[in-house]
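In: I would like the atomic coordinates for the input below:
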Amino acid sequence: MSIEVGSPVPGLAAPISEVPDPVFSQAMVGPGVAVKPEPGSADAVAPIAGTVATLHPHAFVVAAPGGTAVLVHLGIDTVKLKGEGFTLHVAKGDVVEAGQRIVTWNPTEVESHGYSSVCPVVALDVAPEALSDLREDGRVEAGDALFAVSG
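Out: Just a heads-up that it's a prediction; the model follows:
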């Protein structure tokens, strides 16, 4: 069975290797795709349907019923902002639909603090071979397919 993973934000899709953090660019937490978000305030949405397994202002994990889990990280080193500029719309343990609003944030504000706003979208605990149909370039809207995960 395969799960389609949608973009959490509108922007430009890019290879995960372009993320300016080795934990993501070297796929240490898992394979995926990066999205360089559009400037201005935006909603980050659930990339898949499932349960919110982890929730921080700057990052979240949604786990599908079959066990596939997807991490969305809003910017790099944004944990240092201590939640400033991020508004949560769900709670850990909530069941969400793909495309449901999770966090409102502002990539421009993140960059004004000197951090990258790029968003790694990563499939956790899977081998790179589990991903297919990777979209690593071009403009995407929130919800557009970035890749599929076979589990």
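In: List the buried residues in the longest helix along the chain.
Out: In the chain, assigned by DSSP state H, the helix with the most residues is helix 107-112. Within helix 107-112, the residues scored as buried using 16 or more other Cβ atoms under 10 Å are Pro107, Glu109, Val110. For glycine as for every other residue, the C-beta is placed from the backbone atoms N, C-alpha and C.
In: same question, stretch 92-103
Out: Those would be Val96, Ala98, Gly99, Gln100, Arg101, Ile102, Val103, for stretch 92-103 by 16+ other Cβ under 10 Å.
In: same question, stretch 142-151
Out: For stretch 142-151, by 16+ other Cβ under 10 Å, it's Ala142, Gly143, Ala145, Leu146, Phe147, Val149.
In: Find the helix or strand that the residue nearest in space to the middle of the chain is a member of.
Out: Within the chain, one residue has its C-alpha closest to the average C-alpha position: by Cα atoms, centre = their mean, that is Val72, at 2.4 Å. Using DSSP states H and E, Val72 sits in strand 69-73.
In: Pairing partners for that strand, with directions?
Out: The strands beside strand 69-73 in its sheet (DSSP bridges) come out as strand 59-63 (antiparallel), strand 119-124 (antiparallel).
In: So which of those strands is nearest Ile3?
Out: For those, proximity to Ile3 was assessed by Cβ to Cβ; strand 119-124 is nearest, at 8.8 Å.
In: Can you name the next helix or strand after the closest one?
Out: Later in the chain than strand 119-124, the nearest helix or strand by DSSP H and E is strand 131-132.
In: Against which helices or strands is that next one packed?
Out: strand 145-150 (3 or more Cβ pairs under 8 Å, 6 or more residues apart in numbering; DSSP states H and E).
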